[in-house]
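J.: need a 3D model of the following:
(one chain, ligands or ions: 1)
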Amino acid sequence: MRVILLGPQGAGKGTQAQRLAEKVGATHISTGDIVRAEIKSGSELGKKVQEYNDKGELVPDEIIVEMAKPYLDDADAWLLDGFPRNEAQAKALDQALEDIGEDLDAVVALEAPDDALVVRLSGRRQSQATGKIYHLQYDPPPDDDPGPFVQRDDDAEDSIRRRLEIYHDQTEPLKDYYSDRDLLITVDAEQEIPKVTEEILGAVRRKEDA
Ligand code: AP5
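T.: Okay, the predicted model is just below:
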């Protein structure tokens, strides 16, 4: 399975990728997680990408493509979360897949209105112990996750608004890019989390069987 999860910030790409990866045994590749791990390492590259991350700006294409590529090559089956985010990145992904002789199975676009997304991102917490994503109200951490549960640096309101603006301007047009290649599946991301997972799985399987 090689599936891209597209969608605005807070639509649930990370949440769904974690659940789907567990269900189907694919690797969850999140370019946001790759960026945050680099920042945490304190490397020169980490310092450079932190400037973009904290302001809610995109990391320049040539840097993010180089950071993502080794993960794409390493895994046989993956769910790609947060990449590509513009046409240049989509073309770089096309080239990377051609180089290894693989095809995309589907591109899932998660859809939800901006107002709901701001509420979701403000209540998001991630477990430092397990990496699992939760929401204080909609998906509270279970008793067996020891936490601590931390808020992301870029989940401040200014940064959230900027990320949504960039999404509508640069990433949303990719829906047409993939729809023209008959790869796009759209899913209502305002439904409850398990229902969204079920819908994605059903739609991807139908696409694989077609
Ligand atoms: P990244 O980590 O990818 O952040 P993002 O794009 O802002 O996306 P989010 O993680 O905020 O949203 P999500 O859809 O994954 O939501 P989640 O599942 O957590 O990127 C961070 C930064 O890295 C970028 O700003 C950029 O600087 C850089 N970067 C990364 N990739 C790049 C690229 N390709 N090019 C350039 N730069 C790049 O869910 C959100 C909350 O909602 C959670 O609390 C969850 O519990 C809750 N929730 C989820 N689904 C539901 C539901 N159905 N009902 C109720 N609550 C729900």
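
J.: for the residue lying closest to Leu117 once chain neighbours are set aside, give me the pLDDT.
T.: Spatial nearest neighbour of Leu117, excluding adjacent residues (C-beta to C-beta, 6 or more residues apart in numbering): Gly10 at 3.6 Å. Where you see a C-beta, it was placed from the backbone N, CA and C, and this is true even at glycine. pLDDT recorded at Gly10 is 93.

J.: pretty sure Gly10 contacts Ser122?
T.: No: using C-beta atoms under 8 Å, Gly10 is not in contact with Ser122, being 9.1 Å away.

J.: between these two, which one's more packed in?
T.: More crowded of Gly10 and Ser122, by other C-beta atoms under 10 Å: Gly10, with 27 against 15.

J.: state the distance from the more buried one to Ala116.
T.: Separation of Gly10 from Ala116 (C-beta to C-beta, to the nearest Å) stands at 8 Å.

J.: tell me, how many residues neighbour the closest residue to the ligand within the chain?
T.: Among the residues of the chain, Gly32 lies closest to the ligand, at 1.8 Å counting by C-beta to the nearest ligand atom. By other C-beta under 10 Å, 17 other residues sit near Gly32.

J.: and if you look at the one 4 residues further on?
T.: When counting by other C-beta under 10 Å, one arrives at 19 neighbours for Arg36.

J.: what's the answer for Arg152, then?
T.: 16.

J.: surely it is in a strand?
T.: No: counting by DSSP: H, G, I helix; E, B strand; the rest coil, Arg152 is not found in a strand; it is coil.

J.: and the residue nearest to Pro194 when sequence neighbours are not counted, what element?
T.: The shortest distance from Pro194 to any residue other than its chain neighbours is 8.0 Å, reached at Arg19 (C-beta to C-beta, 6+ apart). Using DSSP states H and E, Arg19 sits within helix 13-24.
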